[in-house]
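Enquirer: everything below, folded, please.
(2 chains)
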Amino acid sequence: MELTLAIAIGALTGSGVWLVLRPRTYQLVIGLSLLSYAVNLFIFSMGRLRLGAPPVLGPGGSGNPADYADPVPQALVLTAIVIGFATTALLLVVLLAARGLTGNDHVDGREPR
Amino acid sequence: MEWTRHLLIVPILLPLVTGALLLLIDELRHTAKALISLASCLLLVGTAFALMRLADAAPETGSALSLSYAVAGWPAPFGIVMVLDRLSALMLALTAVLALAALIFSMARWHRAGPHFHTLFHFLLMGLGGAFLTGDLFNLFVFVEVMLAASYGLLLHGSGAFRVRSGLHYIAINLAASLLFLIGVALIYGVAGTLNMADLAQRLPAVPAADRGLLQAGAAILGIAFLIKAGMWPLCFWLPSAYMAAAAPVAAIFVLLTKVGTYALLRLTLLLFAPGAAEATGFGGPVLIWGGMATIAFATFGVLASQAMGRLAGYSVLVSSGTLLAAVGMGDTAVVSGALFYLVSSTFSAAAFFMLIELVERAREPGADLLAVTMEAYGDEAEESEAEERDDEEVGVVMPGALAVLGVCFGLVAILLAGLPPLSGFIAKFAMLSGMLNPAGLGAATATAIPGQTWLLVALIILSGLAALIAMMRTGIRTFWAPLETIVPRVLVVEVAPILGLLALCALLAVQGGALLSYTEAAARTLHAPAAYIQGVLGTVQPGGAPR
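Expert: Numbering: from 1, shown residues only, chains lettered A, B, ... in the order given. Coordinates of the predicted model:
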């Protein structure tokens, strides 16, 4: 499972970085989204991978912390997703504005000569 | 004294409530919005100074050093705490005063140039206040994001192709930096198991040697995120264009955003890697010193090469960033104390400069400074939209003798940026240099030799001042003396007042330099005694509750 997750994070990061370095604004947005997925998975993995362990105490729970997954990274991921989502939406608006004002989708607003 | 404890949360709640309230008021009611915004900002200034007094009243040694506020009453390592010490109180006061000046300036016309200016402005203040007060790493991320989200909106305020293009770069860079921030925070959490800064500092020495590399990698990645925000070379190429593109009052408040990165670095390096605290003492210090020096060198060339005044101001922000980073890297108490003084002085002068530029540029023929500047760097469309904006009728008291006042202000800003006496820029640089050259304290027989890199830094700081003076003189002559037919700009009192106010504050800082210097010295000493900070946070008293 560790290997699968590591490969997934690596693949997402690699494609994200490559796309961020591309000259089109749409590629930039997709690249940043992929990077943020990778980062979210990474934060999640920092709470150690556990199968079938609940993060919160349920009724009749054992009360032994060893039986539970670390809830903090899950909360962090939730916050990071919300913030990333909002800022990406904002970037999309700016991207459209830039497309409208400059007439092309190059990140510098003009085609290289 | 129970209620004073709740003052700690005011710099976050007040702008939040004001910003939300202003959303409900119709955009057409400019005056009502501006008045509410101004009232809130005045309250914030009052609160910030009350907090500064509160922080300064705390004993310098002993356990009850920093005041902390457990949000919702959850005790320290589990809940989020707000921590007030001299450094955060100083930053809050700086924020509030600068915000007041920028807000007054914006009332001439900028706040009407687009929707929701005041709301975004207050959300920015909320993010700044939270970032300076929080005692939790992830909470710091959240507040920095609040601040950045508001700054994206503010940078685009006024629109125009040049702003949108610079805004696109600014947002993309900052999103990438935020992702690095998250990776760093996650790595640190994965190793140390806590995000509370005080708890983290306490646990760091116990981290097993096998995990130390991972921890340092996390700290380094986190540091890179802060360095992007602080604008260290080679992570700073976004900064001059973004600051140049922003509307004048926005650029003035943006001067503080680079200081957030510096603040976080100062706080975290001295807390987590304090001398004698952990194995990794002085971690990252050399990077900050050399990076800071590279930044000063790069920005000095930038200052000399800039033709447009906005770019010149952007590079002078970079000079101050580089100086601060190098000083933080040295980590010496006296140097840090001088650097804090420099932070206040350089923030005020750079903000005054950004506001002044807009007024001065009205006196120049459009395109006058395109002499040697390539047209695309400036943008045709930006010029046109500026001209259109200027056409709308301006209501207000017109400043008499505008050109003379502007000229004097420009001269004062030049003196401040160059660090010449009699204004505070000189005292700031003097305090820093004196700290660097007298590591044992002024007057003590210096037995220790001063290392070469310190001499290099001293030379760079002095040379950057010289470069600033040359560039400012050249620009000043071209603007005020050289034009054959002078256009007397229409300048309102509301626009000149905040600039004069900031410059007067700098003069006051020079006259009353001793008071602020003794405050920053106390702040630097508290920063170098992290044990007291840790005890102050972890032995926190819940609001209305008994000590744990």
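
Enquirer: and the gap between whatever residue of chain B ends up closest to chain A and A:Ser45?
Expert: Going by CB to the nearest CB, chain A is nearest to B:Gly190 of chain B, at 3.5 Å. Just so you know, the C-beta spots here come from the backbone N, C-alpha and C atoms, and that holds for glycine as well. Per CB to CB, to the nearest Å, B:Gly190 is found 8 Å from A:Ser45.

Enquirer: what ranges do the helices span in chain A?
Expert: A:2-20, A:25-45, A:71-102 (DSSP state H).

Enquirer: lowest average pLDDT across the ones you listed?
Expert: Lowest mean pLDDT within the helices of chain A: helix A:71-102, a mean of 88.

Enquirer: hang on, the earlier thing: would you confirm that the residue of chain B closest to chain A contacts B:Leu214?
Expert: Yes. Using CB atoms under 8 Å, B:Gly190 is in contact with B:Leu214, at 7.3 Å.

Enquirer: give me the distance from the one helix or strand B:Leu463 maps to to the chain's centre.
Expert: For B:Leu463, the host element (DSSP states H and E) is helix B:452-476. Centre-to-centre, helix B:452-476 and its host chain are 21 Å apart (CA atoms, centre = their mean, to the nearest Å).

Enquirer: after that helix comes which helix or strand?
Expert: With elements assigned by DSSP H and E, the helix or strand that comes after helix B:452-476 is helix B:493-511.

Enquirer: what residues sit buried inside the helix or strand following that next one?
Expert: As assigned by DSSP H and E, the chain's next helix or strand after helix B:493-511 is helix B:513-527. Within helix B:513-527, the residues that count as buried by 16 or more other CB atoms under 10 Å in any protein chain shown are B:Gly513, B:Leu516, B:Leu517, B:Tyr519, B:Thr520, B:Glu521, B:Ala522, B:Ala523, B:Ala524, B:Arg525, B:Thr526, B:Leu527.

Enquirer: pick out whichever of these sits closest to B:Leu124.
Expert: B:Leu124 lies nearest to B:Ala523 out of the buried residues of helix B:513-527, by CB to CB, at 24.1 Å.

Enquirer: quick one, what contacts that closest one?
Expert: The contact partners of B:Ala523, taken as CB atoms under 8 Å, 6 or more residues apart in numbering or on different chains, are B:Asp85, B:Arg86, B:Leu87, B:Leu90, B:Ser337, B:Leu340.

Enquirer: number of residues surrounding the residue nearest to B:Val207 when sequence neighbours are not counted?
Expert: With sequence-adjacent residues excluded and distances taken as CB to CB, 6 or more residues apart in numbering or on different chains, B:Val207 is closest to B:Leu215, at 5.6 Å. Look at B:Leu215: counted by other CB atoms under 10 Å in any protein chain shown, it has 22 neighbours.

Enquirer: list the buried residues of the helix or strand harbouring B:Leu215.
Expert: Using DSSP H and E, B:Leu215 falls within helix B:209-230. Residues B:215-216, B:218-219, B:221-230 are the ones in helix B:209-230 that count as buried (16+ other CB under 10 Å).

Enquirer: now render the residues you listed as a markdown table, adding pLDDT.
Expert: Below are the buried residues of helix B:209-230 laid out as a markdown table (pLDDT from 0 to 100):
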| residue | pLDDT |
| --- | --- |
| B:Leu215 | 87 |
| B:Gln216 | 87 |
| B:Gly218 | 90 |
| B:Ala219 | 89 |
| B:Ile221 | 92 |
| B:Leu222 | 91 |
| B:Gly223 | 90 |
| B:Ile224 | 92 |
| B:Ala225 | 92 |
| B:Phe226 | 92 |
| B:Leu227 | 92 |
| B:Ile228 | 91 |
| B:Lys229 | 89 |
| B:Ala230 | 88 |
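
Enquirer: out of those, which is nearest to A:Arg24?
Expert: B:Ile228 (22.7 Å).

Enquirer: just to check, that closest one is in contact with B:Tyr170?
Expert: No. In this structure, B:Ile228 is not within contact of B:Tyr170 by CB under 8 Å, at 11.1 Å.

Enquirer: ok, now which ones touch residue 107?
Expert: Let's take chain A. A:Pro23, A:Arg24, A:Thr25, A:Leu28, B:Leu168, B:His169, B:Ala172 are the contacts of A:Val107 under CB under 8 Å, 6+ apart.

Enquirer: chain B was what I was after
Expert: Contacts of B:Met107 (CB under 8 Å, 6+ apart): B:Ala34, B:Leu38, B:Val494.

Enquirer: next up, phi/psi of the closest residue to chain B within chain A, please.
Expert: Residue of chain A nearest chain B, by CB to the nearest CB: A:Met46 (3.5 Å). Backbone torsions for A:Met46, taken as degrees, to the nearest 10, come to phi -70, psi -10.

Enquirer: tell me how many other residues crowd it.
Expert: Neighbours around A:Met46, by other CB under 10 Å: 23.

Enquirer: pretty sure it sits against B:Val185.
Expert: No. The pair A:Met46 and B:Val185 does not pass the contact test of CB under 8 Å, sitting 9.0 Å apart.

Enquirer: can you put the buried residues of helix B:209-230 in JSON lines and add distance to B:Gly407?
Expert: Formatted as JSON lines, the buried residues of helix B:209-230 follow (distance: CB to CB, whole Å):
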{"residue": "B:Leu215", "distance to B:Gly407": "54"}
{"residue": "B:Gln216", "distance to B:Gly407": "52"}
{"residue": "B:Gly218", "distance to B:Gly407": "51"}
{"residue": "B:Ala219", "distance to B:Gly407": "48"}
{"residue": "B:Ile221", "distance to B:Gly407": "47"}
{"residue": "B:Leu222", "distance to B:Gly407": "45"}
{"residue": "B:Gly223", "distance to B:Gly407": "42"}
{"residue": "B:Ile224", "distance to B:Gly407": "42"}
{"residue": "B:Ala225", "distance to B:Gly407": "41"}
{"residue": "B:Phe226", "distance to B:Gly407": "38"}
{"residue": "B:Leu227", "distance to B:Gly407": "37"}
{"residue": "B:Ile228", "distance to B:Gly407": "37"}
{"residue": "B:Lys229", "distance to B:Gly407": "35"}
{"residue": "B:Ala230", "distance to B:Gly407": "33"}
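
Enquirer: noted, bye for now.
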